[in-house]
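1. Sequence plus the predicted model coming up.
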Number of protein chains: 2
Amino acid sequence: MDRLILHEDPRSGNCYKILLTAALLGIPLERRFYDIMHGQTRTPEFLQTVNANGRIPVLQIGDKFLPESNAACWYLACGTRLVPAERFDQADMLRWMFFEQYNHEPNVATLRFWLHFVGERNLTEQQRAQIPAKRAGGEAALALMDEHLAEHDWLVGNAITLADIALYAYTHACEAGGFRLHDYRNVCEWLERVAAEPGFVPMD
Amino acid sequence: MDRLILHEDPRSGNCYKILLTAALLGIPLERRFYDIMHGQTRTPEFLQTVNANGRIPVLQIGDKFLPESNAACWYLACGTRLVPAERFDQADMLRWMFFEQYNHEPNVATLRFWLHFVGERNLTEQQRAQIPAKRAGGEAALALMDEHLAEHDWLVGNAITLADIALYAYTHACEAGGFRLHDYRNVCEWLERVAAEPGFVPMD
């Protein structure tokens, strides 16, 4: 396999997804650190070489660069036990990963970033005005997961997949964004199942 | 193959992605219509049977339901010419599809929905306050595509893939959201390439 380098900020749950995928599969990754709070992913050099979109994580594979956390997880895990081989289950796994990026991350992760790292008093007026909508959106996403996990041990099929890894990242850290994990009992039990997987590593 | 039914609103670009994928592959789909402007995807019956997330599109495959437009496209196209077999290219295709749901759709599609279907004067104050950020985000997404397409005919590899289909849907209709397509010359040429594909169908 080509040399793998993860361009990351360890505070980012999106970066952690890739680290967790690699850890569960025993794939070694080199790590390069950037401070997103100080614009280190918006420098001309970063934009030109690593990601024109100015974001981490980016998985570097030899001399190729792959942005988007869930795409990087796919690259590492396709053909392994973390990606179901059956056609519907494979698509259903991607369904939860797209749900994560559309319904979960912009609410659950953004509130964690705003309230825990930026600080409420440093938010712009426009950001502050979006808090109630993001709170409601995040609670709806967590409730949807909780409802599904009431009847299933894992999001897809009978074992951990990338869908669980993608949604674990910001769900397990959601209290830093003001969400109450104990409102979602099935989610809490599922978080424990993920953390009990052989090879599991916690977020830094 | 199981009977395939698309639960959709024909005004939605997310639904159109699935129709276009099926058309390019010659796969017949039955269609069931819902009016998202009149809450037809939030009825107890819809939430219980079709999608607990209250959204279309949903691809029904026999008695199974698959939400998320890009996951449905994957279900239809995996193993076909629309999904590259090579590992990096496959992940890179997913990268553009996650970019679409995170950076493009919430800006480009939402402004189309708000300005063209809801109407600016019917927006809430909070929605109106988000217009400048969504305008800037949408322009950045279109500029990123334009930069990439300056040097590539297709988003991934040398032929159309699901990445092109996913991003075609709302890009070609972006002027309804107040974006100016002629600002993105490479995007315009790429739109023409997509529309020239054998089997192409326009949005309703």
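-> Thanks, I have it.

2. ok, the residue located most distally from the centre of chain A - contacts?
-> Here chain A reaches farthest from its C-alpha mean at residue A:125, the gap being 27.0 Å by Cα atoms, centre = their mean. The neighbours of residue A:125, taking Cβ atoms under 8 Å, 6 or more residues apart in numbering or on different chains as the test, come to nothing; the list is empty. For every residue, glycine as well, the C-beta is placed using N, CA and C.

3. Any figure for the gap between it and residue B:4?
-> In this structure, residue A:125 and residue B:4 are 47 Å apart, going by Cβ to Cβ, to the nearest Å.

4. can you check residue A:38 too?
-> Looking at residue A:38 against residue B:4, where the rule is Cβ to Cβ, the gap reads 50 Å.

5. and the two? which has more neighbours close in?
-> More crowded of residue A:38 and residue B:4, by other Cβ atoms under 10 Å in any protein chain shown: residue B:4, with 20 against 8.

6. Surely that one is in contact with residue B:31?
-> No. Contact status for residue B:4 versus residue B:31: not in contact, 9.9 Å apart, counting by Cβ atoms under 8 Å.

7. count of neighbours near residue A:180?
-> Counted by other Cβ under 10 Å, the residues lying close to residue A:180 total 10.

8. And it, what's its pLDDT?
-> Among the per-residue scores, residue A:180 holds a pLDDT of 98.

9. Could I get the contacting residues of it?
-> For residue A:180, no contacting residues are found, by Cβ under 8 Å, 6+ apart.

10. try 10 Å
-> Contacts were defined as Cβ atoms under 10 Å, 6 or more residues apart in numbering or on different chains; by that measure residue A:180 touches A:139, A:142, A:174.

11. just residue A:120 next, same as before
-> Contacts here follow Cβ under 10 Å, 6+ apart; on that basis residue A:120 touches A:114, A:127-128, A:131, A:178.

12. Please list which of these also come close to chain B.
-> Residues of the contacts of residue A:120 in contact with chain B (Cβ under 10 Å from any Cβ of the partner chain): residue A:127.

13. and the residue most central in space within chain A, helix, strand or coil?
-> Nearest to the centroid of the C-alpha atoms of chain A, with distances taken as Cα atoms, centre = their mean, sits residue A:14, at 3.7 Å. Classification of residue A:14 by DSSP: H, G, I helix; E, B strand; the rest coil places it in helix.

14. so what's the closest residue to it other than its chain neighbours up against?
-> Of all residues not flanking residue A:14 in the chain, residue A:69 sits nearest, at 3.9 Å (Cβ to Cβ, 6 or more residues apart in numbering or on different chains). Taking Cβ under 10 Å, 6+ apart as the contact definition, residue A:69 lies against A:8, A:12-18, A:21, A:55-59, A:97, A:100-101, A:105, A:165-166, A:169, B:95, B:98, B:102.

15. which secondary structure element contains the nearest residue to residue A:139 once chain neighbours are set aside?
-> Take residue A:139 and drop its neighbours on the chain: the residue closest to it by Cβ to Cβ, 6+ apart is residue A:179, 6.9 Å away. Here residue A:179, judged by DSSP states H and E, is contained in no helix and no strand.

16. wait, what's in contact with residue A:179?
-> By Cβ under 10 Å, 6+ apart, the contact set of residue A:179 is A:107-108, A:111-112, A:135, A:138-139, A:141-142, A:170-171, A:173.

17. Quick check: neighbours shared by residue B:4 and residue B:31?
-> By Cβ under 10 Å, 6+ apart, residue B:4 and residue B:31 have these common neighbours: residue B:18.

18. for the longest helix out of those in chain A, which positions count as buried?
-> Longest helix in chain A by number of residues (criterion: DSSP state H): helix A:125-149. In terms of neighbour count (16 or more other Cβ atoms under 10 Å in any protein chain shown), helix A:125-149 has its buried residues at A:130-131, A:134-135, A:137-139, A:141-142, A:144-146, A:148-149.

19. Out of those, the closest to residue B:186 would be?
-> Within the buried residues of helix A:125-149, distances to residue B:186 taken as Cβ to Cβ reach their minimum at residue A:130, with 32.6 Å.

20. doesn't residue A:138 make contact with that closest one?
-> No. With contacts counted by Cβ atoms under 10 Å, residue A:130 stays clear of residue A:138, the gap being 11.6 Å.

21. Now for the two: what residues contact both?
-> Any residue near both residue A:130 and residue A:138 by Cβ under 10 Å, 6+ apart counts here, and that gives A:106-107, A:110-111.

22. Quick check: of these, which has the highest neighbour count?
-> Counting by other Cβ under 10 Å, residue A:107 has the largest number of neighbours within these, with 25 neighbours.

23. My guess is that one contacts residue A:113. True?
-> No. Contact status for residue A:107 versus residue A:113: not in contact, 11.1 Å apart, counting by Cβ under 10 Å.

24. where does chain A dip in pLDDT?
-> Counting by pLDDT under 70, not a single residue of chain A qualifies.

25. can you give me the helices for chain A?
-> Taking DSSP H as the criterion, chain A contains helices spanning A:13-25, A:44-49, A:69-77, A:87-99, A:110-112, A:125-149, A:162-171, A:185-195.
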